[in-house]
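Trainee: sequence below, structure please.
(chains A and B)
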Amino acid sequence: MISISSLSKTYGTEPVVNVSSLSIRKGESFGLVGNNGAGKTTLFRMILDLIRPTEGSVTIEGKSVQGNDEWKHYVGSYLDEGFLIPYLTPDEYFKFVGKLHSYSDADLSQFLQKFEELFNGEITGKKKHIGDLSKGNLKKVGIAAAFMGNPQVVILDEPFENLDPTSQIRLKRLLQLERETRAITYLISSHDLNHVTEICGRIVILEKGKVVKDMEGGDLLAQLEEYFKA
Amino acid sequence: MIATLLSHGWKKFKRSVAFEKELATNIFLGLIAIMVFGYAIALGFFLEKIITNGLNQPLNGLLFYYFGFEFMLRYFMQSTPALDVQPYLHLPISRRYLVHYMLIKSLLHLLNFLALVLFAPFAFTAVATQAGASAGVWLLSIYLISLCLHYLVLIFKKGLDDTIIGFLVLTGVLGVFALADYYNWFNVSKISAAGFQFILSNPLAIVGLLALLLAIYYFNFTYFLRNMYSEELTPNKSSKDSASQNLAFLQSFGMLGEWANLEVKLILRNKRTRSLLMLSAFFLFYGLIFYTNKTYTEGLPGFLLFVAIFITGIFMINYGQFLFSWQSNHFDFTLTRPVSLAQVVESKYWLLCGITVICFVLSIPYVYFGWHILFTHLAAALFNMGVNVFVIMNLAMWNPKKIDLTKSSMMNHQGVGAAQWVMGIPVLLSPYLFYLPFSIAGYPTRGVVAVGLVGIIGLVFRTKLLSLTTKRLQERRYAIAAGFRKD
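Mentor: Numbering: from 1, shown residues only, chains lettered A, B, ... in the order given. Next up is the predicted model:
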């Protein structure tokens, strides 16, 4: 599905990401873990062609993402607030993104129903602009929008950060439910080892921009705790 | 699709915090815009008279200078619309579409109508009587050149905005033209006149201009398409040579120097304050408008005081009006740390005074126009340091608002409140309280001396005045901090 070859990003002389080769299979749930500054977000940004790589390339379905618009139709993503339009209300934003995936009004309300529980009555039907929402609610809007258009790939950066405990559990359930109903590839980064191991079957640890561990199967949580213990 | 994107643009404008919360300011600015346009239209109708009676030059010859002026205006007022498309980059919209949208939407700018408004009346009256239907072509050619400038400025600003090089290129080009005209190296107005005369007699030449416009548009298009990355579209926030911005000599003043150093870094490292610095540098030339004209230097001696206060105090006024807003996003830091507010106030005082001294020193070449001008500047600088600085510092405490430092200061009225509207009145008019009694009695020179003396008195009593200012800041700190926390 996604393959990365000799991808690197350097700011000045500082290498931020340097991944020689990494491929993510279709239907895989891929978790990215690493301490602050490990390059997780930069890697995601390069996969989404938001940053020009210093060297190397990312291909999705065999086509390079750079300068290409095709993959945007089946890759949904939410990395940060820059993905949202702050002066729209959440309803207007969903409607807009929905239109890009040719949703009818009925499609949209059916789609949003899935998220009703996660939204907890604080997002839709309100006059508040996205720019005025709390960090947790911003995240909910972004994650929901990432699922629009039934994407085959969903890329989320720290989806559990800033969410209250109830919302974290609801989001986890939502991610799992979506995976059960159709084939979907997740790329999720997280600092929460419990959550990420519950969702992802494969975990990659990034350190100083390099892949230092690529784990699949076994007790992932125990392995991660062992790695980060020091 | 395009309609949706445009409606987003409109919502962005309508729903911006500034629009809703500063409605009065917006209405006022709107009125000013209408007024300026009214003047432009009126000017357009009188253009013929002005040109034939006053300038004794064909308009075609002057057009080149007009475009030079327009370029400057665009450089300062136009912004790259790149950021508008950032939230759409990850969505399934083709980037060619977004770039076209961005470039075409950028045309929705008042400046793109200025040339039309200004020259249309002239085209239909003066040009049409001589050239008939070609007048339309003449007007169209002006408009096309104006649009070419629009796209040129976009690409120019993309590469060189907010850099010393950009500033130097701009002043350099203007300087060369001014000198060329002055020393008669080559005659810009003749070239310009010949060019437009050619279009009038060969209307088909307009196709060439159209091709030029399309070429520049295409160049912009390919450039932005290749560089459609938000980190490349936004002006680079590189932190190169930060170390050299440490003014070592300030460190010998202890904590006071540290605060001043912090403020110098704030000025040099943020876009809004940097562009303010450059604008102030331009205003140093303000005197050239008045000092070169005998009507002002001899006919209106009192007016020179106004110019002098302005030139020596321009940065103090511009920067000082937002004195506390600059630190709005770390004001809580100042309040929660073991900091003496007296030191904060004093460091700001010395910073403003230091810059006034620099402005005065830089204005010394005006002595070319007479010793009395230097003398007036000295008196004005003293008055600024002794009196106006306290007026500004105290007025700046009146409900200061939050400011986003990363935006350019041109046409940016974020942070402007009641205080900023009225601040100019006491600053520019108070020297006349001391000047006018003498000048009415027939001793204008003594009036200037009086203004300088009042400044010296203020300087002598600065410790007392500073402690009064600090006391006021102590009392107002909670209100100020609360104001900064609001968006």
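
Trainee: make it CA atoms for all contacts and neighbour counts henceforth
Mentor: Will do.

Trainee: so how many other residues sit close to residue B:460?
Mentor: For residue B:460, the count of nearby residues is 12 (other C-alpha atoms under 10 Å in any protein chain shown).

Trainee: measure it to chain A for me?
Mentor: Taking C-alpha to the nearest C-alpha, to the nearest Å as the measure, residue B:460 falls 49 Å from chain A.

Trainee: which ones are touching that residue?
Mentor: If a contact means C-alpha atoms under 8 Å, 6 or more residues apart in numbering or on different chains, then residue B:460 has no contacts.

Trainee: please name the nearest non-neighbouring residue to residue A:163.
Mentor: Beyond its immediate neighbours in the sequence, the residue positioned closest to residue A:163 (C-alpha to C-alpha, 6 or more residues apart in numbering or on different chains) is residue A:136, lying 4.9 Å away.

Trainee: how near is the one you found to chain B?
Mentor: With distances defined as C-alpha to the nearest C-alpha, the gap from residue A:136 to chain B amounts to 19 Å.

Trainee: wait, that residue sits on residue A:165?
Mentor: No: look at residue A:136 against residue A:165 with C-alpha atoms under 8 Å: they stay out of range, at 10.9 Å.

Trainee: between those two, who's got more neighbours?
Mentor: Ranked by neighbour count (other C-alpha under 10 Å), residue A:136 and residue A:165 place residue A:136 first, with 15 against 10.

Trainee: please report phi then psi for that one.
Mentor: When quoted as degrees, to the nearest 10, the phi and psi of residue A:136 stand at phi -60, psi -40.

Trainee: need the contact list for it.
Mentor: Residues counted as contacts of residue A:136 (C-alpha under 8 Å, 6+ apart) are A:161-164.

Trainee: show me which of those are buried.
Mentor: Burial of the contacts of residue A:136 was assessed by neighbour count (16 or more other C-alpha atoms under 10 Å in any protein chain shown); the buried members are A:162-163.

Trainee: tell me which two of the contacts of residue A:136 sit farthest apart.
Mentor: Spatial extent of those (C-alpha to C-alpha) is set by the pair A:161 and A:164 at 8.6 Å.

Trainee: look at the closest residue to residue B:98 other than its chain neighbours and give its secondary structure.
Mentor: Leaving aside its sequence neighbours, residue B:98 sits nearest to residue B:85 (C-alpha to C-alpha, 6+ apart; 6.9 Å). The three-state assignment at residue B:85 reads helix, by DSSP: H, G, I helix; E, B strand; the rest coil.

Trainee: residue B:85 - how many residues pack around it?
Mentor: Residue B:85 - counted by other C-alpha under 10 Å - has 17 other residues nearby.

Trainee: can you check the one 3 residues further on too?
Mentor: Residue B:88 has 18 neighbouring residues, counting by other C-alpha under 10 Å.

Trainee: and the pLDDT for it?
Mentor: Model confidence at residue B:88, expressed as pLDDT, equals 87.

Trainee: how about residue A:76?
Mentor: Looking at residue A:76, its pLDDT is 91.

Trainee: where does it land in three-state SS?
Mentor: Of the three states, residue A:76 takes strand according to three-state DSSP.

Trainee: surely residue A:59 forms part of a helix?
Mentor: No: secondary structure of residue A:59, determined by three-state DSSP: strand, with no helix assignment.

Trainee: tell me if I'm right that it and residue A:7 touch.
Mentor: No: counting by C-alpha under 8 Å, no contact exists between residue A:59 and residue A:7, whose distance comes to 10.9 Å.

Trainee: who has more neighbours out of these two?
Mentor: When residue A:59 and residue A:7 are compared on other C-alpha under 10 Å, the one with more neighbours turns out to be residue A:7, at 20 against 17.

Trainee: contacting residues around the more buried one?
Mentor: With contacts defined as C-alpha under 8 Å, 6+ apart, the neighbours of residue A:7 are A:17-21, A:53-58.

Trainee: chain B: which of these is nearest?
Mentor: The shortest approach to chain B among the contacts of residue A:7 belongs to residue A:53, at 10.7 Å (C-alpha to the nearest C-alpha).

Trainee: what separation do you get for the residue nearest to residue B:98 and residue B:101?
Mentor: Residue B:85 sits 9 Å away from residue B:101, taking C-alpha to C-alpha, to the nearest Å as the criterion.

Trainee: go on, residue A:63?
Mentor: With distances taken as C-alpha to C-alpha, residue A:63 is found 26 Å from residue B:101.

Trainee: look at residue A:222 and say how many residues are nearby.
Mentor: By other C-alpha under 10 Å, the residues close to residue A:222 number 12.

Trainee: show residues contacting stretch A:140-151.
Mentor: Outside of stretch A:140-151, the residues within contact range by C-alpha under 8 Å, 6+ apart are A:73-78, A:80-81, A:83-84, A:90, A:94, A:97-98, A:101, A:103, A:111-112, A:115, A:118-119, A:123, A:154-156, A:159, A:184.

Trainee: nearest residue to residue B:382 in space, please, no chain neighbours.
Mentor: Taking C-alpha to C-alpha, 6+ apart as the measure, residue B:382 lies nearest to residue B:455, with 4.8 Å between them; neighbours along the chain are not counted.

Trainee: identify the residues contacting that neighbour.
Mentor: Residues B:379, B:382-387 are the ones in contact with residue B:455 under the rule C-alpha under 8 Å, 6+ apart.

Trainee: among the residues you listed, which one has the most neighbours?
Mentor: If you rank the contacts of residue B:455 by neighbour count (other C-alpha under 10 Å), residue B:384 sits at the top with 35 neighbours.

Trainee: surely it meets residue B:313?
Mentor: Yes: counting by C-alpha under 8 Å, residue B:313 is a contact partner of residue B:384 at 6.4 Å.

Trainee: OK, now which residue of the stretch 151-300 of chain B is nearest to chain A?
Mentor: Chain A sits closest to residue B:229 of the stretch 151-300 of chain B, with a gap of 5.6 Å, by C-alpha to the nearest C-alpha.

Trainee: tally of neighbours for the closest residue to residue A:125 other than its chain neighbours?
Mentor: Setting aside the residues directly before and after it, residue A:125 is nearest to residue A:91 in space (C-alpha to C-alpha, 6+ apart), at 6.8 Å. As a burial measure, residue A:91 scores 19 neighbours (other C-alpha under 10 Å).

Trainee: can you tell me the centre-most residue of chain A?
Mentor: The residue at the geometric middle of chain A, judged as the C-alpha nearest the mean C-alpha position with C-alpha atoms, centre = their mean, is residue A:156 (1.3 Å).

Trainee: the nearest residue to residue A:193 once chain neighbours are set aside: which element?
Mentor: Residue nearest to residue A:193 in three dimensions, not counting chain neighbours: residue A:221, with 6.6 Å by C-alpha to C-alpha, 6+ apart. The secondary structure element spanning residue A:221 is helix A:220-228 (assigned by DSSP states H and E).

Trainee: other residues contacting that helix?
Mentor: If you take C-alpha under 8 Å, 6+ apart as the criterion, helix A:220-228 is touched by A:193-194, A:197, A:203.

Trainee: which pLDDT value goes with the residue nearest to residue B:382?
Mentor: The per-residue pLDDT reported for residue B:455 equals 94.

Trainee: quick check: the residue of the stretch 151-300 of chain B closest to chain A vs residue B:26, distance?
Mentor: Using C-alpha to C-alpha, we find residue B:229 at a distance of 33 Å from residue B:26.
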